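> no sequence on this one, just coordinates:
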C-alpha cells in the first residue's frame, strides 16, 4: 500500500475534532452524524467521489471519528483518512439504492451497538446528501434517541482557517489567476464557447507549479449577453460575437480548497450603461473591502457595497458574499454566514469569503468579484491579484 | 432575448409529462414536487447549476409544470424551460441559507394558494437535494396534507429512452470514445496524472464535431496500482510509473446525457493475475451482453457475468450495472434498476445501462465496462465501439 498522503498535519485534524466536540457539547449532542462531504473531508481527510450513496462520519467523545461507508468504498477510506483501519465500517452493497433496505438501517445498528440508542444524536438536517428518507429511517430505527438538528454545526467550525489551510487557498488562488489570464488571452469573436471552457478546465487541472489542480465544486459559469441576466447558466457550443459581455465565474481548486474569481469580458466597445455599472461596482467592491475587517459585521460589507451601487441607481438586495474553503459539489460556499442585511456575524481574522456582488439585470449581467481573507487589522486581503475591472477586447 | 434552444421537441416533453401523470395517478398523488435536478431538467428543459439551493418542479393535473426557484434564478428558468413565463415562480433571496426562514415555507404557501393544502403530495424522500429539513418544514406548514413517498417516481419513467434521447446518448458515446483514445495515446511513464486528467477534460468539453461537450455528472476517476482497489478515488499530481495498472472511469456528456466507458491501462508487462482477471472479465461482459435482452431480467445479466467470474475464482457480489441517461452531479445513474441478484425488473427495448462489472480487489483493480442499449431483439448494443480489453503500453 502506498503511504497515505494526508493533506494536513495530525495537529490540524486534532484541532478540528476538538472544535467540533466543543460545539457538540454546547448543543448537548452525544453523537454527531456528518453526511456533508465537505465536513467529512475536513474531519477525516477522506477524498473520493462516493457521496452519491449514503455515507458519513460519526463523532462522539470516545476515540477518533468513525467512517461509515459502502463496503466497496472502505478501501478508499483506508487509503485517505487519518484514522486507523478499525475506525472504518462498511455496509453491504445490498443496501445501495434498494427499495427494500435502506443504509440508515445499518447505521442505526452501529449506533445501537456503540451504546447511543437513547442518546442525543445530531443530524445535518439541511446539509447536502442527508435525505428526508435517511431521517425518517433513523427516526423509526432509533425510537428512544433524541434527534437534534445539527445543520451547519461542523460548517461553522470551518469558518476561521488555519495557516495550513490558508496555504492551500493561496495555491487555489494562483490557479484562479491562471484561468482568468487564459480566458482573457484566448477569448475572441468566432471562438466556440465550449472550446474556451475546455481550456478553462485544462488550465484548472494542470494547475500552477507544485499545485496540481483539483476539480472545482462548481463548473465554470459563462453566460453571454442576455443570458448573463441569469447567474447560473453554464455553456454551449455557440461562438462568441462582438457586441456582448460574458461573465466567467470560475475557481481554481487545490486539494478541495477554493478561491473563486469572476471577471467579465466584453468583445467590442462596451455601452455606457455597462461602463457606469462597472464604475459603481468597482467602487462598491472597494468600499466593501474596507468594511470587511475584523470586528465588523457581515452586514457591514453588504451595506458598504449597496451604498455605492445605490448612488449609481442600481438596487441590489441578494446577498453579496459567503464563506469559502474546502468544498465538494454542488457548492463551494460553506453555507453559514451571508454578506447581507440582518447578518450580524462578527468577522474574525482567518475567515475567508467570496465577496460576490454579481449584477444580474433585466437583460445583461456583470460579475467582478474577489476571494478575500479577513486580516488581523485593516481591510480584507484579496487572495487573487488581477485588475478589478471590466475586461475589454476589441 | 435569444430564442430558447430547447434540447427536445414539444412532443417529447408532452410524452414525459403524460408518463409522470400516469405514475402519479397510479400512486394516487395529486401534486408531485420534484427536486432531483435530473428529473427537473427531463420534465422542463431547465439547465443551470443552481441545484445547490432548494428549487423544484411542481406537477399536477392542471396545466404545464410550475418551476419554483430562487428569484435570481428565475431568469435562467425563463431562458431554458418549455413552459411560459407565468409558470415560473421565484422566492426571495432572504430565504437562501437562512437560519430564520426556510424556502419550503414559501413553497408551502404556493401549494396552499393553488388549493392543494389538504391533498396527497408526492415528495422525493430519497432523491438528491430534498433534505430532511425540507420535509420537516413542509410537514409543519401543510398539516392537512398527506405526504407520500415519491422517491424515484420520475426516475422510473426516464428508464426507456425515446429516439430523440438515443441520438443524444450516441453523441455522448462518441465523446467517450474520443476521451479513451486520448488517454491511450498520451499515457506514459513520467506523465503527471493531473496533466492527463486535464487533457481528459479538454477532450470531453471540446466534444466531437457538432456535439459540443457538457460536464459529466461524475469527474474522471483514475486510481493507479493499489489505489485502484478503491472505486471512487479521483487524481493527484504524482507521475505514472511502469509496473502498474490505472483504470479510467469517464463519460462523455452531450446536453446532460451520458455514455460512461471504463478502460484500464497497464504500463509495462501485466502480471499473470491481471491477464487472468482480464480474460474472465471480458468473457463475463460478453455473457452479460447476451443476457441483456428484452424480456430477460436485470438479475440475469448479473448472473451471466458472475458465472464467468466464478469460473476464474473471482467472487463478486456488488451490483454490476445501473440505468443511465440525463444526469446532474453527483451521479450519472438513474437509481432505479440494478444488475444484481434479486432485481427481477424486466428489460425493455430502449432502456440504457452502464454495464459496470468493476473489480476492486485487495490491492489492485480492473475496470472494463460498456454503456448498452437494450434492443428490440437479440443481445444489447454497445453505444461505444472500442476494444474490450486491458490496454497495455510498454
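Okay, I see it. Here the structure is a predicted model, which is why all the values come from computation and not from measurement. Numbers count the residues shown, from 1 in each chain, chains lettered A, B, ... in the order given.

> so after the worst-scoring helix or strand of chain A on mean pLDDT, what's the next helix or strand?
Across the helices and strands of chain A, mean confidence by mean pLDDT, DSSP states H and E is lowest for helix A:74-80: a mean of 90. Where DSSP states H and E defines the elements, the next helix or strand beyond helix A:74-80 is strand A:88-91.

> Pull the distance from that next one to the chain's centre.
On the basis of CA atoms, centre = their mean, to the nearest Å, strand A:88-91 sits 27 Å off its chain's mean C-alpha point.

> Next to chain B in this structure, residues from the stretch 151-300 of chain A, please.
A:151, A:192, A:194-195, A:197-199, A:201-207, A:210, A:212-215, A:218-219, A:221, A:225-227, A:229-234, A:236-237 (CB under 8 Å from any CB of the partner chain). C-beta coordinates here come from the backbone N, C-alpha and C atoms, glycine included.

> Of the residues you listed, select the buried ones using a PyMOL command.
The following PyMOL line selects those of those that are buried, judged by 16 or more other CB atoms under 10 Å in any protein chain shown:
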select buried, chain A and resi 151+192+194+195+197+198+199+201+202+203+204+205+206+207+212+213+214+215+218+219+221+225+226+227+229+230+231+232+233+234+236+237
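
> picking that back up, who's in contact with the least confident helix or strand of chain A?
Contacts to helix A:74-80, defined as CB atoms under 8 Å, 6 or more residues apart in numbering or on different chains, come from residues A:1-2, A:4, A:6, A:44-48, A:50, A:67, A:69, A:85, A:88-90, B:226-227, B:229-233, B:360.

> Residue A:161 is in contact with residue A:325, isn't it?
Yes: look at residue A:161 against residue A:325 with CB atoms under 8 Å: they come within range, at 6.1 Å.

> Can you pull the residues that touch both of those two?
Contact criterion CB under 8 Å, 6+ apart; residues shared by residue A:161 and residue A:325: A:169, A:352.

> With neighbour numbers in mind, choose between those two.
Neighbour count, other CB atoms under 10 Å in any protein chain shown: between residue A:161 and residue A:325, residue A:325 has more, with 26 against 22.

> which parts of the least confident helix or strand of chain A are buried?
Result for helix A:74-80 [16+ other CB under 10 Å]: buried residues A:74, A:75, A:76, A:77, A:78, A:79, A:80.

> Return the subset of the contacts of helix A:74-80 lying in strands.
Of the contacts of helix A:74-80, the ones assigned to strands by DSSP state E are A:67, A:69, A:88, A:89, A:90, B:360.

> Any idea which of the residues you listed the model trusts least?
Lowest pLDDT of these: residue B:360, 92.

> quick one, what contacts that residue?
Neighbouring residues of residue B:360 by CB under 8 Å, 6+ apart: A:72, A:75, B:228, B:229, B:230, B:231.

> if we go to 6 Å?
Residues counted as contacts of residue B:360 (CB atoms under 6 Å, 6 or more residues apart in numbering or on different chains) are A:72, B:229, B:231.

> first vs last residue of stretch A:145-157, how far apart are they?
Taking CA to CA, to the nearest Å, the first and last residues of stretch A:145-157 lie 25 Å apart.

> Kindly report the same for stretch A:85-98.
27 Å.

> That stretch close to chain B?
Yes: under the criterion of CB under 6 Å from any CB of the partner chain, chain B is reached by stretch A:85-98 at A:93, A:97.

> Could you pull out the buried residues of that stretch?
Result for stretch A:85-98 [16+ other CB under 10 Å]: buried residues A:87, A:88, A:89, A:90, A:91, A:93, A:94, A:95, A:96, A:97.

> Quick check: beta-bridge partners of the second one?
I take that to be residue A:88. Beta bridges link residue A:88 to residue A:67 when assigned by DSSP bridges.

> My guess is it contacts residue A:65. True?
No: using CB atoms under 6 Å, residue A:88 makes no contact with residue A:65, being 10.2 Å away.

> And the helices in chain A?
Counting by DSSP state H, chain A has helices at residues A:10-26, A:37-44, A:74-80, A:103-113, A:132-141, A:153-157, A:163-186, A:193-206, A:272-291, A:298-311.

> For the shortest one, what does the pLDDT average out to?
Which is helix A:153-157. According to the model, helix A:153-157 has a mean pLDDT of 98.

> Likewise for the last one?
Per-residue pLDDT over helix A:298-311 has a mean of 96.

> List the contacts of it.
A:280, A:283-284, A:287-288, A:291-292, A:316, A:320, A:337, A:339-341, A:343, A:345, A:357.

> Next, the contact list for the nearest residue to residue A:321 once chain neighbours are set aside, please.
Spatial nearest neighbour of residue A:321, chain neighbours left out: residue A:339 (3.3 Å); criterion: CB to CB, 6 or more residues apart in numbering or on different chains. Residues counted as contacts of residue A:339 (CB under 6 Å, 6+ apart) are A:298, A:301, A:302, A:319, A:320, A:321.

> what's the neighbour count on the first one?
If I follow you right, that is residue A:298. Neighbours around residue A:298, by other CB under 10 Å: 28.

> Need the pLDDT of the closest residue to it other than its chain neighbours.
Among residues not flanking residue A:298 along the chain, residue A:343 sits closest, at 4.1 Å (CB to CB, 6+ apart). Per-residue pLDDT puts residue A:343 at 96.

> Would you mind measuring from residue A:343 to residue A:302?
8 Å (CB to CB, to the nearest Å).

> give me the number of residues near residue A:181?
Neighbour number of residue A:181 under other CB under 10 Å is 12.

> cool, residue A:311 as well?
Around residue A:311 sit 11 other residues, with neighbours defined as other CB under 10 Å.

> And residue A:268, by the same measure?
Residue A:268 sits with 14 neighbouring residues when counted by other CB under 10 Å.

> Got phi/psi on the nearest residue to it once chain neighbours are set aside?
Among residues not flanking residue A:268 along the chain, residue A:242 sits closest, at 4.1 Å (CB to CB, 6+ apart). Here is the backbone geometry of residue A:242 (degrees, to the nearest 10): phi -70, psi 150.

> burial count for residue A:242?
Burial of residue A:242 is recorded as 13 neighbouring residues (other CB under 10 Å).

> I figured it was touching residue A:266, is that so?
No: using CB under 6 Å, residue A:242 makes no contact with residue A:266, being 9.3 Å away.

> didn't residue A:32 look like it was pressed against residue A:24?
Yes: contact criterion CB under 6 Å: residue A:32 and residue A:24 qualify, at 5.4 Å.

> Tell me which of the two has more neighbours.
residue A:32 (27 against 22).

> how close does the residue nearest to residue A:268 get to chain B?
16 Å (CB to the nearest CB, to the nearest Å).

> Fine by me, we can end here.
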